[in-house]
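Asks: Quick one, fold the following:
(one chain, ligands or ions: 2)
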Amino acid sequence: MERRLAMIGFGTVGQALARILLERKGELWEKEGFVAQITAISDMTKGSLYHPDGLNLTEVFLALEESGTLEAYPETSGLQRGWNSLKTIQDSNADTIVEVTFTDVETGQPAIEHCRTAFEAGKNVVTTNKGPVALAFAELSELAEKNGVYWGFEGTVMSGTPALRMPRFALAGDRIKEIRGILNGTTNYILTRMEDGVSMENALLEAQNKGYAEADPTGDLEGFDALYKMMILSEVVMGIPLKRKDVLRKGMSSVTSEDIQKAKTGGMRWRILSVIREEGGKMSASVQPVAIPEADPLAGVKGALNAVTYVCDLLGPVTLIGAGAGRMETGFSILADLIHLHHQKR
Ligand SMILES: NC(=O)C1=CN([C@@H]2O[C@H](COP(=O)(O)OP(=O)(O)OC[C@H]3O[C@@H](n4cnc5c(N)ncnc54)[C@H](OP(=O)(O)O)[C@@H]3O)[C@@H](O)[C@H]2O)C=CC1
Ligand SMILES: N[C@@H](CC=O)C(=O)O
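Replies: Ligands and ions are numbered 1, 2, ... in the order given. Reported below is the predicted structural model:
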């Protein structure tokens, strides 16, 4: 069965998925029997395209190279332009909506509305947007189930590293009472570069150029992004919703270059640690900068790598280390969800 996709948002992650689909088309068909067509793209500033027979992705990238928008995409019979996100979700022939707009750390909008509209229209959603999962998991899961559609969100925690799929499937049956780790790629990248003597401002610019940072990097720097990921882990993996106000949150702005150099001289490394613990059905959680000894395995987690440890009652602690952010790394998370959906439907 050919999957028809509508991309809502076409920035770093959306374009990475399109590249992967373009470059791996033959291999995905041969190895997985998977085939997908992007029939619609709707992006705030780049513009919108819809063709029921599918868009030519080579032409999409040529248009973006020419002007940074989709304006130069060639006219063909049946091509529609200018549809906004909601019209694209409702009126395109896509069966699966790829929601990759920015994460709003206050309201989760417009992404929550995008998911709601898709589910009500009987369409699957695959997203890397943390807002809908952190703030509306119960409501949206129920709506997806009621409409018999799939909701994939693997990329919301640690990009394509299976930080959700592993505990949900491979560790099913174990009780997870504690989760801890490094859950933000941008700040881990910045701290590592500051250890090399790069200023915080320049390290942030590098992180932005590499596609790690949020559209508003305050979300990364002040710990909101990690907080959202803890809310997702708490509800999705441990089954207990966590409120924003219940998380002790400290951003990285309190850590200076001097602190980092001083710690380095003393055999320590600064990392932003996230911890969630369950005791008697009550959750406690924190995200904050901590100086840890160089010998601690987390001190060796560098750059945009992240790590998460699941403390299981039967298996003991299990740690996963992998990409926390990045273009292809997050584009891959959507592909992994699409292949999962494909296997389910098959
Ligand atoms: N980059 C990464 O490594 C990771 C990102 N994520 C998440 O994935 C999502 C996408 O990230 P990324 O691609 O990096 O972000 P970008 O900012 O690069 O892309 C988001 C795109 O969505 C567009 N957009 C915003 N609002 C709308 C709307 N209402 N309708 C249509 N398009 C809209 C933006 O347009 P404009 O620029 O004009 O606002 C932009 O082109 C985010 O929610 C992020 O938190 C998750 C894991 C890793
Ligand atoms: N901005 C985020 C992107 C992935 O969630 C990060 O740096 O971790």
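Asks: Spatially nearest residue to Val60 (excluding sequence neighbours)?
Replies: Sequence neighbours aside, Tyr73 is the residue nearest to Val60 in space, at 6.3 Å (criterion: CB to CB, 6 or more residues apart in numbering). Using the backbone N, CA and C atoms, a C-beta is placed for each residue, glycine as well.
Asks: Isn't the one you found up against Glu66?
Replies: No: taking contacts as CB atoms under 8 Å, Tyr73 lies outside contact range of Glu66: 9.5 Å.
Asks: now the helix or strand that contains Pro317, how far from the centre of its chain.
Replies: Per DSSP states H and E, Pro317 falls inside strand 316-323. The chain centroid and the centroid of strand 316-323 are separated by 18 Å, computed with CA atoms, centre = their mean, to the nearest Å.
Asks: Contacts for the following helix or strand past that strand next, please.
Replies: Per DSSP H and E, the first helix or strand lying C-terminal to strand 316-323 is helix 327-345. By CB atoms under 8 Å, 6 or more residues apart in numbering, the surrounding residues in contact with helix 327-345 are 1, 3, 5, 12-13, 15-17, 19-21, 24, 28, 32-34, 36, 96, 98, 100, 124, 126, 128, 150, 152-155, 159-162, 165, 210-211, 304, 323.
Asks: Just the mean pLDDT for helix 327-345, thanks.
Replies: Mean per-residue pLDDT for helix 327-345: 96.
Asks: got it, and stretch 231-240?
Replies: If you average the pLDDT over stretch 231-240, you get 96.
Asks: what do you get for stretch 108-121?
Replies: What stretch 108-121 shows for mean pLDDT is 98.
Asks: could you check whether that stretch is close to ligand 1?
Replies: Yes: Stretch 108-121 reaches ligand 1 (CB under 6 Å from any ligand atom) through Pro110.
Asks: and that stretch, which residues are buried?
Replies: Neighbour counts using 16 or more other CB atoms under 10 Å place 108, 110-119, 121 of stretch 108-121 among the buried residues.
Asks: domain ranges for the protein?
Replies: Annotated domains of the chain cover 2-159+328-345, 165-324 [automatic domain parsing].
Asks: Just give me how far the shortest one sits from the chain centre.
Replies: I take that to be domain 165-324. Centroid separation for domain 165-324 versus its chain: 14 Å, with CA atoms, centre = their mean.
Asks: Tell me how far the closest residue to Val311 other than its chain neighbours lies from ligand 2.
Replies: Nearest residue to Val311, sequence neighbours excluded (CB to CB, 6+ apart): Glu178, at 4.0 Å. Using CB to the nearest ligand atom, to the nearest Å, one obtains 21 Å as the distance from Glu178 to ligand 2.
Asks: give the contact list for the residue in the stretch 201-346 of the chain positioned nearest to ligand 2.
Replies: Nearest residue of the stretch 201-346 of the chain to ligand 2, counting by CB to the nearest ligand atom: Ala325, 3.7 Å away. Counting by CB under 8 Å, 6+ apart, Ala325 touches 159, 184-186, 189, 211-213, 304, 306.
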